[in-house]
Structure formats: C-alpha cells, structure tokens
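**Q** Provided below are the primary sequence and the corresponding predicted coordinates.
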Amino acid sequence: MKAIAVKPGQPNSVHLTELEKPAVDAVANGRGVLVEVLEVGVDGTDKEINEALYGNAPEGFDFLVLGHESFGRVVEVGPNVRELVPGDLVAATVRRPGRSLYDQIGTYDMTTDTKYWERGISYLHGFLTEYYVDEPEYLIRVPSSLAHVGVLMEPVSVVEKGLAQAWEIQRRLKVWEPRRAAVMGAGTIGQLATLILRMRGLEVVTVARTPGPHLKSQLVEEIGASYVSSKSQDIRSIGKEHGPFDLVFEATGNSEVAFRSLEILAKNGILVLTSITGGDAEVTIPADRINLDFVLYNKVMVGTVNAHRGYFEMGVQDFALAESMYPGWLSKLLTNRVDGLDNYRELFRQLVDDRRAIKVYLGVKSV
C-alpha cells in the first residue's frame, strides 16, 4: 500500500513509498483493529520534520511515514475487541506508552522518558497511508454526525488538554473565574482555542500577523471574539488596550511571540504554550520585570504536548456543542483539501506556501 514518508535528518525528503498492508493479528491477544484511512491533516510539525528539524524513523526502517492527525473507518477487529465494530469512524491518539510511571498510569502524554514514541513523529509510522492497525485504547469513536470535521479531532485534543491543564493548575486559587483571554495565532489550533474559550463564556482577543479582513479574522469575529493584527500593534500595546488577560493561549509556532506573551498576563494569570519550535532563535525580553511580576502576582507559564484519549473525548463533546451553537463554523476551517496519496507534492506545497490556509489535509478515501 502507498504511504507518504520522509528520511529523517535529510531535508526536503518527502516522497511516496510502499508499506505492507497490516493485519489485525499484528496486535497481540486478539486486540487489533484495522482502520482504513479517510483523511489526514498536516501541520507545522510535518513541515518541520520534512525540514529535518526533528523526527525519527522506526526501528528497521530508514524512513518515517508522516501524519499524526488521523480520521478513519474501522474495517476489521480482532476476536477480543468489544469497544469497536466495523464501520465505526475513529480518530487515533499520537503518543504511545513508554516506561515512566506516567506512561504506566495512562498519562503517556506526560512521560518523563527521554525517548518517546509518537505516530508520524518519533519511532512510529504515521497515518499518511491507506491502512493502519492499532489497539482500541488509542482509537476514539467519532459519531457520524461529526464525520465532516473528524480530521480536526487531533488538533482540538491539543486545545482541550491545554485548557484542562490551565484550569487544573488554577484550582490553587480556589475561586479563579477567568473573564478575558488572548489567543496568539489564528491557524487551526488558534481558531479552535478561540472557539472553546468563547463556548466557555470568555471575552477573547485573537492575535495574528496579517491585518483583516480575511477568512481567519472573519471566523474569529463570527463567534463573537475580536481579531487584532500584530503587524498593526505590538503585543505589549495589545495587552494595554485589550488586556491584561487571565489566560493566554499561545499557538503561533513563534518563540518570540510566546515569550512576549508573558508581558500581557493579568495578576494570577496563566500562559499556555502549545507551539513546537524546532529552530534556535534567541529573544530579548524584560526579564527583571517579568520575573518580578510572576513572583508578586502568582503568574504561571505551562507547556503542553499532544493528548491522551480523554482529551479527544472532550473534543468530540465540544464539537457536538459547537455544531449546535455555531452551525457550519467548524467546516470553514477545512480550507485546503488535496486528494490522493500520489499528490503529496501538492499537499506540501499548500502547507508551506499558502499563507491563507487554515487546515491543509489529504483525502485518502471518501468519508
């Protein structure tokens, strides 16, 4: 079967390759689930792996199949699988358990292992192929009513985890009631963070580079948030005019923006970092003032990476609510569809070159 892969460590090596079609008995104890891939999203992680900034091939291979944002259909299950049946629509988690205590209790997204296994990223092939086999533990059922946005389940799980961690940390305050939030970035993650924060009743300002109006700014405004261009105003002035912010959710992929966001937090505020930055940029910040504010006003900065199945399940619930509150809005995020594994060059061209894109994704089979 066909697959889109890279050779880790070799820049711009994305290519089409062949894999043997997997079978359900590849998973022990009759617990295998064979999934036909329908759609796969691509993002900055895929772009940076192709740029050889990171990524590791599975043992025994000199290539890594890309794709960590999956949506598929179950076609066969092993004799001891009760959770899923053929025909079920599913999304798959990305990380797999390692050896740390956190891995063993099911929070493998919080591992302390130096080496970790992630589908399409590190030591495990991803989903940009025709079929894959996995265990039910890592597959989340998606209702048919959400099939049209099923490919967004992995991105929304990142948002769900980041916000859940923020609320968990802020339990320390006993009566934390955030009212004002800033979302840095208006790509897929930024749009979804804006959506969920608005659904929770917060006043939201979404900050991105390009001045509006355009699709990204229109989508932000459609759900009652405000859009501000960082080209028109620097982050500090945005904070003075619209903030300070009880919560800042950073999703730009730009480390300078991440650290500038420290300056616009309210007292007792929290900054959630989700960007994976593979470069070596250095940033100058007013360190003394930031340090003083963090100490005197009990501020927090926290990083968050991918998600376990619980956060995917939260995403399914919030998507169902979003379809009721803002009908059709989620579908508008799916701006750039490319059909067919053979068209991998066009897929990556759009990912790299189309600055207007929100979600670039590949249609492998019909939903």
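**A** The structure has been received and is ready for your questions. Keep in mind it's a predicted model, so treat the numbers as computed, not measured.

**Q** Give me the next element, helix or strand, following the lowest-mean-pLDDT helix or strand in the chain.
**A** Ranking every helix and strand in the chain by mean pLDDT, DSSP states H and E puts helix 255-260 at the bottom, with a mean of 88. Using DSSP states H and E, the helix or strand that directly follows helix 255-260 along the chain is strand 265-273.

**Q** Start and end of stretch 70-88, how far apart?
**A** 14 Å (C-alpha to C-alpha, to the nearest Å).

**Q** Now find how far off-centre that stretch is within its chain.
**A** 24 Å (C-alpha atoms, centre = their mean, to the nearest Å).

**Q** quick one: average confidence on that stretch?
**A** Per-residue pLDDT over stretch 70-88 has a mean of 98.

**Q** Can you show me the helices along this protein?
**A** 44-50, 101-104, 153-169, 188-199, 215-222, 235-242, 255-260, 287-296, 309-325, 344-353 (DSSP state H).

**Q** Now do the same contact list for the closest residue to residue 9 other than its chain neighbours.
**A** Nearest-residue entry for residue 9: residue 52, 5.3 Å, with adjacent residues in sequence omitted and distances by C-beta to C-beta, 6 or more residues apart in numbering. C-beta here means a position set from N, CA and C on the backbone, and glycine is covered the same way. Residues counted as contacts of residue 52 (C-beta atoms under 8 Å, 6 or more residues apart in numbering) are 8-11, 13.

**Q** among the residues you listed, which two are most distant?
**A** 8 and 11 (10.4 Å; C-beta to C-beta).

**Q** Which one of these two is surrounded by more residues?
**A** residue 8 (20 against 11; other C-beta atoms under 10 Å).

**Q** My understanding was that the more buried one contacts residue 57; is that so?
**A** Yes. Taking contacts as C-beta atoms under 8 Å, residue 8 lies within contact range of residue 57: 5.2 Å.

**Q** got the contact list for residue 293?
**A** 265, 299.

**Q** Could you list the low-confidence segments of the stretch 101-250 of the chain?
**A** Counting by pLDDT under 70, the stretch 101-250 of the chain shows no low-confidence range.

**Q** To clarify, my last question referred to the stretch 251-367 of the chain.
**A** Looking at the stretch 251-367 of the chain by pLDDT under 70, you get 278.

**Q** For residue 30, list the residues it contacts.
**A** Residue 30 neighbours (C-beta under 8 Å, 6+ apart): 78-81.

**Q** Tell me who's in contact with the nearest residue to residue 164 once chain neighbours are set aside.
**A** Nearest non-adjacent residue to residue 164, counting by C-beta to C-beta, 6+ apart: residue 311, 6.7 Å away. When contacts are counted by C-beta under 8 Å, 6+ apart, residue 311 touches 157-158, 160-161, 164.

**Q** Neighbour count added to those, as a markdown table?
**A** Formatted as a markdown table, these follow (neighbours: other C-beta atoms under 10 Å):
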| residue | neighbour count |
| --- | --- |
| 157 | 28 |
| 158 | 25 |
| 160 | 25 |
| 161 | 24 |
| 164 | 15 |
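
**Q** So which of these is the closest to residue 73?
**A** residue 157 (19.3 Å).

**Q** Please report how far the closest one lies from residue 122.
**A** With distances taken as C-beta to C-beta, to the nearest Å, residue 157 is found 18 Å from residue 122.

**Q** Strands of the stretch 1-150 of the chain, start to end?
**A** Per DSSP state E, counting those that start in this stretch, the stretch 1-150 of the chain carries strands over the ranges 2-6, 15-18, 33-42, 64-65, 69-77, 89-92, 95-96, 117-119, 123-124, 131-134, 139-141.

**Q** want to throw these into a markdown table with distance to residue 327?
**A** Listed next are the strands of the stretch 1-150 of the chain as a markdown table, based on distance: least, C-beta to C-beta, whole Å:
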| stretch | distance to residue 327 |
| --- | --- |
| strand 2-6 | 33 |
| strand 15-18 | 38 |
| strand 33-42 | 21 |
| strand 64-65 | 36 |
| strand 69-77 | 21 |
| strand 89-92 | 20 |
| strand 95-96 | 33 |
| strand 117-119 | 32 |
| strand 123-124 | 37 |
| strand 131-134 | 32 |
| strand 139-141 | 22 |
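
**Q** just so I know, which of those lies nearest residue 299?
**A** Once these are compared by C-beta to C-beta, strand 95-96 is nearest, at 28.6 Å.

**Q** who does that closest one pair up with?
**A** strand 117-119 (antiparallel) (DSSP bridges).

**Q** Need the residues that contact the partner strand.
**A** Under C-beta under 8 Å, 6+ apart, the answer for strand 117-119 is 67-68, 70, 92-98, 123-127, 306.

**Q** and the gap between the residue nearest to residue 164 and residue 191?
**A** 17 Å.

**Q** Check residue 366 too.
**A** 26 Å.

**Q** neighbour count winner among the two?
**A** Here residue 366 and residue 191 are compared on neighbour count by other C-beta under 10 Å; more neighbours surround residue 191, at 29 against 8.

**Q** Residue 220 is in contact with the more buried one, correct?
**A** Yes. Between residue 191 and residue 220 there is a contact under C-beta under 8 Å: 7.2 Å.
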